[in-house]
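Asks: okay, here's the prediction I keep looking at, along with the sequence it came from:
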Amino acid sequence: MFFALIYFVLHLAAWGYAAQKLFAAHPQWVRLGAGGVFAATALMWTPVPFAFFFEFSPLSHGLGLALSCSLAGAMYAKANPLPSSTINYSAMQKTLLWLGLPIFLIMAYLLHTHLILPTANGYDVGQATFGDLQMHMGMVTSLARQQIFPPEYSILPGQRLSYPFLVNLVSSSLYQLGLGLRWALLLPSLLMCAMIIFSFMLLAFEVSKDKRATQLATLLFFFNGGLGFIYFFGWHEYTFAQILTEFYKTPTNYNEMNVRWSNVIADMIIPQRTTMAGWSVALFALWALLRFTRSESKRGWGMLAGALVGLLPMIHTHSFMAIGLISLGWLGVDLVLRRHTFIQVIIDWCWYGLPAIGLAIGQLLYWTFPQATAGGGFVHFHLNWVNKLEIDPYLWFYLKNMGVVYLAWLAGLALLMRSKWRHTLGATSLLDRDLALLQFGPLMIYIVAELVIFQPNLYDNNKLFYIWYAFATITAACVIMSLFRYWQARGQYVAASALLVLSVVIGCVSGALTIAREWVSTYTAYNPFHVAAAQFIDRNTPTDAMFVTADNHNNTVAALTGRNIVVGTDTFLFFHGLNTSQRHEDVKKIYQNPTERAALIAQYKVDYIYLSDFERANYPGFSSLLAQYPVIFDNGQVQVLATSKRAMQRRN
């Protein structure tokens, strides 16, 4: 554990030190936050170049740490401080404490209860982490134990892992260096959650230039939700009390009634680790990119934004795509505004584009494109995202799902289109020309995500939409605050107060109720018998051992021990574009068909067969196994059978 903590802290210290120099013209809270973003990025990336040559080993980590400290030191020694803007960033320091800190504490508590919390029941998780967390844990444990790099799917051995895995690489590093699995998941998650809050508030303040609008945008983003709460007050079969007890029946997750706009904290950040890692870098990169478009110092801001964006594909591909679309929109705006200096615009954007493309292209060619184009590819045309038009018309679907934010965003677009309308609001308006021009970037995301699907699961386009939504909430907050001040300046205090209160209440109630559901939710992912079996396997089997197991998503062998299994659940693999039908059939034969069993065990080089309640339920004809192979572990509920020569020798 000591080496893991030293490894983590040295990354933080090195990049915190570098950020003190690079952002010397900015307040301390910006410098500290920037150092955290840089450290999180370095933790994900610096072991990678060496792992190609020395596997994912302690040597690669040592060399990666040396590289990280060297790069941070070089930045401190050579980089010139980036110029600040005329915006008073210091005005946000108190807001970070009274608003940002409570949001972080909510996230921290949910992480505490949702990441394999040890209890008398075994390992407990929450509603949000009952699913995908198990896939991520398998990546963490297999990379740490097997040390194969580039990594393969432990739930489909032989298939290169092209899913963005770098967030799990950080946990693998800490796990391999001695931290327990729970804390290896928890520690980087806490850092990344803090960076998401910091980066969003920094971006919102840069866009709005207003403290109150930033505060409102922060509430609307992190407690997001639409009008789904109306279904739980007598409008449908579910009651209000059932929000806190039913599995995924909340005001932001009610598929039967076409409510699909999940809450940012409960359904995106806490359970979806790639999204969490992606946003911790992407939101800060967007701030740097916005500073690039607005600053005279194109070189420094461009290189910073380009480097961060270029490192995103294997952190979170959707965030990389979203920023690419925003970049196209903002480049188009710049070309129009500076059309008489076309060449200079291209030169300026090269400071951003060349680092971004140069760092990203290798990842895309090696990992992303081969899997995305397998079997004919994922990309296809599809209008209106996941809306079931037989339930909701187009506009009502988004109004119902996004509520106040969507309505205020549409109003903002209308106001921003006409300078005369903006001027009607007077000097109190936040709807300036900068905000109007900024819309062309996020609109590119909205249009593309509405028309094109990039993966088998069309719901996953929400990972594009949420980057647009970050800007939509800021725009909505600017509209609401402009109207509030307009009415306030004219003495219409009741109307102004009602607007603000209703915007917060209606905009946040669905999200708050969803978070409350997560707060009280608890599910057992692994009972004590499974945990004991995992501990035995981890101590007593080769790290590259092959197991035959059932394909349950909470697979003890894959998730807790990092060993390979012949095939895992299609809940994960199908949506990564992988065909597993033959392997599933072969696993069934191994459990139930004695005549074909030996040949298949030899074909897949199986070392062990795992028997638990899942296997007994799925393969009732398993009994002949017990007569054919020795049982090397039995705790009454779980048995492990040795099938290979090396497994039997290790037993002896």
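Replies: It's in. Residues are numbered from 1 along each chain as shown.
Asks: and the spatially most central residue of the chain, which helix or strand is it part of?
Replies: The residue lying closest to the centre of the chain (C-alpha atoms, centre = their mean) is T275, at 1.1 Å. Element membership for T275, per DSSP states H and E: helix 273-294.
Asks: just checking, what packs against that helix?
Replies: For helix 273-294, the packing partners by 3 or more C-beta pairs under 8 Å, 6 or more residues apart in numbering; DSSP states H and E come out as helix 28-45, helix 166-176, helix 181-208, helix 298-310, helix 317-337, helix 342-363, helix 462-489. Heads up, the C-betas are built off the backbone N, CA and C, glycines and all.
Asks: just name the most buried of those.
Replies: Counting by mean count of other C-beta atoms under 10 Å, helix 166-176 has the highest mean neighbour count of these, with a mean of 27.
Asks: give me the residues contacting it.
Replies: With C-beta atoms under 8 Å, 6 or more residues apart in numbering as the contact definition, helix 166-176 has outside contacts at 4, 7-8, 40, 43-45, 47-48, 56, 58, 61, 136, 139-141, 143-145, 147, 181, 183-185, 187-188, 192, 273-274, 276-277, 314-315.
Asks: got it, and stretch 348-358?
Replies: By C-beta under 8 Å, 6+ apart, the surrounding residues in contact with stretch 348-358 are 289, 292, 298-299, 301-303, 305-307, 309-310, 327, 331, 334.
Asks: what of stretch 623-635?
Replies: Contacts of stretch 623-635 (C-beta under 8 Å, 6+ apart): 529, 532-533, 536-537, 540, 591, 594, 597, 608-609, 611, 639-643, 647-648, 651.
Asks: filter those down to the buried ones.
Replies: Buried members of those, scored by 16 or more other C-beta atoms under 10 Å, are 529, 532-533, 536-537, 591, 597, 608-609, 611, 639-643, 647.
Asks: just name the closest of the residues you listed to P442, please.
Replies: I537 (47.8 Å; C-beta to C-beta).
Asks: surely that closest one meets A558?
Replies: No. The criterion here is C-beta atoms under 8 Å, and I537 misses it with A558 at 10.7 Å.
Asks: contacts only, for S60.
Replies: P47, F50, A51, F53, F54, F149.
Asks: what about 7 Å?
Replies: P47, F50, A51, F54 (C-beta atoms under 7 Å, 6 or more residues apart in numbering).
Asks: name the member of the residues you listed with the most neighbours.
Replies: P47 (29 neighbours; other C-beta atoms under 10 Å).
Asks: double-check it against P58; I have them as touching.
Replies: No. Using C-beta atoms under 7 Å, P47 is not in contact with P58, being 10.0 Å away.
Asks: tell me the SS of F56?
Replies: Counting by DSSP: H, G, I helix; E, B strand; the rest coil, the backbone at F56 sits in coil.
Asks: pLDDT at it, what is it?
Replies: Looking at F56, its pLDDT is 98.
Asks: so what's the residue count around it?
Replies: F56 has 26 nearby residues by other C-beta under 10 Å.
Asks: for the chain, where's the lowest mean pLDDT among helices and strands?
Replies: Within the chain, no helix or strand scores below strand 380-381, which has a mean of 68 by mean pLDDT, DSSP states H and E.
Asks: picking up where we left off before, how about CSV for the contacts of S60, with distance to L174 added?
Replies: Putting those into CSV (distance: C-beta to C-beta, whole Å) gives the following:
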residue, distance to L174
P47, 12
F50, 17
A51, 15
F54, 18
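Asks: so which of these sit within strands?
Replies: If you go by DSSP state E, those have nothing in strands.
Asks: just the closest of those to W409, please.
Replies: Compare each of the contacts of S60 with W409 using C-beta to C-beta and the shortest gap goes to P47, at 41.1 Å.
Asks: nearest spatial neighbour of the closest one, chain-adjacent residues omitted?
Replies: Excluding its sequence neighbours, the residue lying closest to P47 (C-beta to C-beta, 6 or more residues apart in numbering) is G64, at 3.5 Å.
Asks: part of a helix, is the one you found?
Replies: Yes. Membership of G64 in a helix is supported by three-state DSSP.
Asks: tally up the residues packed near it, please.
Replies: Residues within reach of G64, counting by other C-beta under 10 Å, total 22.
Asks: my read is that it contacts F53, right?
Replies: No. In this structure G64 lies outside contact range of F53 using C-beta under 7 Å: 11.7 Å.
Asks: show the end-to-end separation of stretch 50-63, please.
Replies: 7 Å (C-alpha to C-alpha, to the nearest Å).
Asks: number the residues from 50 up from this point.
Replies: Will do, 50 is the new start, and the previous item becomes stretch 99-112.
Asks: look up how far L71 lies from the nearest residue to K70 once chain neighbours are set aside.
Replies: Ranked by C-beta to C-beta, 6+ apart and with sequence neighbours excluded, the top spatial neighbour of K70 is Y125, at 4.5 Å. Y125 is 8 Å from L71, where distance means C-beta to C-beta, to the nearest Å.
Asks: repeat that for V550.
Replies: Per C-beta to C-beta, V550 is found 41 Å from L71.
Asks: higher neighbour count, the two?
Replies: Per other C-beta under 10 Å, whichever of V550 and L71 has more neighbours is L71, with 22 against 10.
Asks: that concludes my questions; thank you for your assistance.
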